[in-house]
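**Q** Kindly return the folded structure for what I paste below:
(one chain, ligands or ions: 2)
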Amino acid sequence: MGDAIVGIIGMGDMGKMYARKLSAAGWKVHACDLPDRYEELKKEFADQKNIEIFPNGHSVSRSSDWIMYSVEAKNIDAVVARYGPSTKQGAIVGGQTSTKAPEIAAFEKHLPSDVQIVTCHSLHGPGVNPKGQPLVIINHRGTPAAAALVERILSCLEPKFVRISAEMHDRITADTQAVTHAAFLSMGTAWQANEQFPWELGRYTGGIENVKINLMLRIYSNKWHVYAGLAILNPSAKAQLRQYARSVTELFKLMLAGDAAGLRARVYAAREAVFGKEEETGQELLLDEQLLDRFSLGEKPAMRVKNNHLSLLAMVDCWWKLGIVPYDHMICSTPLFRLWLGITEYVYRNEDVLAECLDTAITDDTFRSDDLEFTFAARDWAERVALGHMDAYRDKFERIQTYFAPRFAEATKLGNEMLKTVEEHLEGRKQN
Ligand SMILES: NC(=O)C1=CN([C@@H]2O[C@H](COP(=O)(O)OP(=O)(O)OC[C@H]3O[C@@H](n4cnc5c(N)ncnc54)[C@H](OP(=O)(O)O)[C@@H]3O)[C@@H](O)[C@H]2O)C=CC1
Ligand SMILES: O=C(O)C(=O)Cc1ccc(O)cc1
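**A** Ligands and ions are numbered 1, 2, ... in the order given. Below is the predicted model:
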């Protein structure tokens, strides 16, 4: 089937996943990473028949028909500056970076004018089966035939193609990915600050808590540059993170003040804006807590411990304040975002659960010290992103990553099972 040659520059987790899938479908793949990884990669792919490893991006660019840059977003300008001018005449170029503004700027700046630009973004990590997952295709500077070729190449992943502009992509992923990651990063920061492994504490077990813990560990087990690039380089993300931090702070102050009426009024106003009036939403819930109960890293206690779920209340408050309707973004969502939306919806569309949450927020001090640290954390992540300082982001991320590292292997296994079960559940729901 492989009439065109696919070039991949950057053989990290995503580059390798693409190389394996495309070559298995019969496409010839020319790939490289940094020159000092040439020998190691050649050995790794020696018996893969359609993959040829090259010493650098010049040889990949000169010989391929669609070239995908799968490098760190923070390096995209430098890498395209180096290899872009070597692009084969009339070829098509794209990238896998999670934020398209800097990628497109680099392409426009460094690619010869006869080169077409059709780029992409898989909305899932390298360990997730791409089948049925959204795959964004952006035809920025290409003929319809060029875009059709890129889609033909990528159709072997069996994705759900989402055809949008680069601007729309960055707007949506700021709403879905950047702010979701900020919530989980802040949870990890708070637990580390209080020197806790939450699955070891009786008060952090049960369905919703399992999602929080597993997704937090999943994010910290990934590479810092993926999340830093996604937040810091996305022009729309700063405002989202700032609002999330503000929502956390304001809700926490209402809790501390014991202002039950004020908290209730605010939470219900957000609920109406995001989920509609209760009587208007006849729809079935995305998730139920029993489904999530199975995926615990710790022992399940006999009695469920109540939590005020500040991180979830702040998420819905933030969507409300920014006028975001999360369901509008489902076509362009990641598995993490769907789970996050699933548990927020579970709390908000269940009158008893929400009432218990508000009552706990006012009358129960169990979570005060975690919530205090969570508030500091949300503000600090938002500030680091606003300052645009990659090293400050990396330093904090890697410190917390080291703390949780001993549990990554187990959490990844459990997290994969959890995502798979939830995805199957959501798929089944759609078909019914
Ligand atoms: N991981 C994820 O969940 C997802 C990531 N993405 C995006 O995809 C891109 C790749 O991510 P991922 O694979 O996870 O990250 P990795 O760090 O695993 O891969 C990036 C690779 O690019 C290499 N590289 C850097 N500079 C050059 C160069 N000049 N020439 C050739 N190779 C180079 C890096 O080498 P070295 O390590 O030696 O610097 C590294 O091997 C990122 O932009 C990320 O945002 C998109 C969807 C999901
Ligand atoms: O699902 C998520 O949000 C992830 O954490 C995995 C991920 C990371 C970066 C991307 O560009 C796309 C997906």
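
**Q** I'd assumed residue 312 was in contact with residue 267.
**A** No. The pair residue 267 / residue 312 is not scored as a contact, 10.2 Å apart, by Cβ atoms under 8 Å. C-betas here are computed from N, CA, C, even on glycine.

**Q** Mind listing the shared neighbours of these two?
**A** Common neighbours of residue 267 and residue 312 (criterion: Cβ atoms under 8 Å, 6 or more residues apart in numbering): none identified.

**Q** center of the protein, which residue is that?
**A** The C-alpha lying nearest the average C-alpha coordinate of the chain belongs to residue 177 (Cα atoms, centre = their mean; 4.4 Å).

**Q** so that one makes contact with residue 337?
**A** Yes. The pair residue 177 and residue 337 passes the contact test of Cβ under 8 Å, sitting 6.7 Å apart.

**Q** hang on, the earlier thing: would it be right to say that the residue nearest to the centre of the chain lies in a strand?
**A** No. Note on residue 177: no strand contains this position according to DSSP: H, G, I helix; E, B strand; the rest coil, which reports helix.

**Q** List the residues that contact it.
**A** Taking Cβ under 8 Å, 6+ apart, we find residue 177 in contact with 98, 230, 334, 336-337.

**Q** what about 10 Å?
**A** Residues near residue 177 by Cβ atoms under 10 Å, 6 or more residues apart in numbering: 98-99, 123, 226-227, 230-231, 234, 237, 240, 329, 332-334, 336-337.

**Q** hmm, which two among the residues you listed are most spread apart?
**A** The two members of these with the most space between them (Cβ to Cβ) are 226 and 329, at 19.4 Å.

**Q** hmm, which helix or strand of the protein has the shakiest average pLDDT?
**A** Taking mean pLDDT, DSSP states H and E as the measure, the helices and strands of the chain show their lowest mean at helix 289-293, namely a mean of 69.

**Q** follow-up on the earlier one: nearest to residue 168 among the contacts of residue 177?
**A** For those, the residue nearest residue 168 by Cβ to Cβ is residue 332; the value is 8.4 Å.

**Q** Quick check: nearest residue in space to that closest one, chain neighbours excluded?
**A** Across the structure, with Cβ to Cβ, 6 or more residues apart in numbering as the measure, the residue nearest residue 332 apart from its sequence neighbours is residue 172 (4.7 Å).

**Q** re the thing from before, got any residues that touch both of residue 177 and residue 337?
**A** Shared contacts of residue 177 and residue 337, defined by Cβ under 10 Å, 6+ apart, comprise 123, 329.

**Q** Now do whichever residue of the stretch 101-250 of the chain sits closest to ligand 1: how many residues are near it, please.
**A** Of all residues in the stretch 101-250 of the chain, residue 125 sits closest to ligand 1, with a separation of 3.3 Å (Cβ to the nearest ligand atom). By the criterion of other Cβ atoms under 10 Å, residue 125 has 19 neighbours.

**Q** how near is the closest residue to it other than its chain neighbours to residue 214?
**A** Among residues not flanking residue 125 along the chain, residue 222 sits closest, at 6.8 Å (Cβ to Cβ, 6+ apart). Residue 222 is 13 Å from residue 214, where distance means Cβ to Cβ, to the nearest Å.

**Q** and for those two, which residues touch both?
**A** With contacts defined as Cβ under 10 Å, 6+ apart, the residues shared by residue 222 and residue 214 are residue 412.

**Q** Could you see whether ligand 2 lies near the strand or helix carrying residue 417?
**A** In this assignment (DSSP states H and E), residue 417 forms part of helix 408-431. No. With Cβ under 6 Å from any ligand atom as the measure, helix 408-431 is seen stopping short of ligand 2, the closest distance being 8.9 Å.

**Q** Then stretch 322-341?
**A** Yes. Counting by Cβ under 6 Å from any ligand atom, ligand 2 is contacted by stretch 322-341 at 334-336.

**Q** Show me these that map onto helices.
**A** Among the residues of stretch 322-341 next to ligand 2, the members found in helices (DSSP state H) are 335-336.

**Q** which of the residues of stretch 322-341 next to ligand 2 come close to ligand 1?
**A** Among the residues of stretch 322-341 next to ligand 2, not one lies near ligand 1 by Cβ under 6 Å from any ligand atom.

**Q** Can you add pLDDT and neighbour count and give the residues of stretch 322-341 next to ligand 2 back as JSON lines?
**A** Written out in JSON lines, the entries for the residues of stretch 322-341 next to ligand 2 read as follows (pLDDT from 0 to 100; neighbours: other Cβ atoms under 10 Å):
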{"residue": "334", "pLDDT": "93", "neighbour count": "22"}
{"residue": "335", "pLDDT": "89", "neighbour count": "23"}
{"residue": "336", "pLDDT": "90", "neighbour count": "23"}
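
**Q** so the residue nearest to residue 332 touches residue 136, yeah?
**A** Yes. Using Cβ atoms under 10 Å, residue 172 is in contact with residue 136, at 8.8 Å.

**Q** Which neighbours do the two have in common?
**A** Any residue near both residue 172 and residue 136 by Cβ under 10 Å, 6+ apart counts here, and that gives 123, 162, 164, 331-332.

**Q** Which of those residues has the largest number of neighbours?
**A** Those, ranked by neighbours (other Cβ under 10 Å): first place residue 123, 26 neighbours.

**Q** Following element in sequence after the helix or strand where residue 189 lies, please.
**A** Taking DSSP H and E as the criterion, residue 189 maps to helix 179-193. Tracing the chain C-terminally past helix 179-193 and defining elements by DSSP H and E, one meets helix 207-220 next.

**Q** CA atoms of that following helix as CSV?
**A** Provided in CSV are the C-alpha atoms of helix 207-220 (Å, rounded to 0.1, in the frame of the first residue of the first chain):
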residue,chain,number,x,y,z
GLY,A,207,-14.3,5.5,42.9
ILE,A,208,-13.7,9.2,42.5
GLU,A,209,-10.6,9.1,44.6
ASN,A,210,-9.3,6.2,42.4
VAL,A,211,-9.6,8.4,39.3
LYS,A,212,-7.8,11.3,41.0
ILE,A,213,-4.9,9.2,42.2
ASN,A,214,-4.5,7.1,39.0
LEU,A,215,-4.6,10.1,36.7
MET,A,216,-2.3,12.1,38.9
LEU,A,217,0.3,9.3,38.8
ARG,A,218,-0.2,8.9,35.1
ILE,A,219,0.6,12.5,34.4
TYR,A,220,3.6,12.6,36.7
